[in-house]
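A.B. asks: everything below, folded, please.
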Amino acid sequence: MIGVYQFIWGLVGSLALEIVDINEVFQVQQITIPERYKRVGYWIVRLCLAFMGGVLAVASNTQTPYSALAIGAAAPLVIRALPYVRNDREGPQPKSTQVGASKERRTQRKNADIHEMPAAGVE
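C.D. replies: Next up, the predicted model:
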C-alpha cells in the first residue's frame, strides 16, 4: 500500500474514535455537549493526534487498509507506550548492574545471591 493511503487510513482510524465518542453523547435523552468539544485547543490537539495516527500507520509499513485503520485507532496507546519501548537487542540488564561496576564484581554479587537463596520447599 502506498504511504499516502497508509497515512489517510491511519488518520481516519484515529478520527473514528472521536466519532464514536460524539455518537455516545447523542444516545441519551438529555443531550449535553461536553465542554471539551467547545474548545478550539481540544480540536487542535485532537487533529495532531489524528495526524500522529497517520504517521504511525506509515511508519509501521502496513499493507492493508484495515491494519492502517487499526494502528490509527491505537495511536493514543502506542504514543503513551513509546517511552517504555527498549530498542536494544541485548534485552534487560540484571538489577545488580551499576554504572562503573566491573564485570567481576557483578559476577560475585550474582553468585552470592544464588548461594543465599533457600532451597525449594525448605522454609
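A.B. asks: C-alpha from now on. contacts and neighbour counts both.
C.D. replies: Noted.
A.B. asks: distance of residue 28 from residue 62?
C.D. replies: Applying C-alpha to C-alpha, to the nearest Å, the value for residue 28 to residue 62 is 38 Å.
A.B. asks: same check, this time on residue 41
C.D. replies: Relative to residue 62, residue 41 is positioned 31 Å away (criterion: C-alpha to C-alpha).
A.B. asks: of residue 28 and residue 62, which one has the most company?
C.D. replies: Taking residue 28 and residue 62 together and counting by other C-alpha atoms under 10 Å, residue 62 has the greater number of neighbours (19 against 9).
A.B. asks: phi, psi for that one please.
C.D. replies: Dihedral angles of residue 62 (phi, psi; degrees, to the nearest 10) stand at phi -70, psi 150.
A.B. asks: could you find the closest non-adjacent residue to it?
C.D. replies: Leaving out its chain neighbours, the residue that sits closest to residue 62 by C-alpha to C-alpha, 6 or more residues apart in numbering is residue 68, at 6.0 Å.
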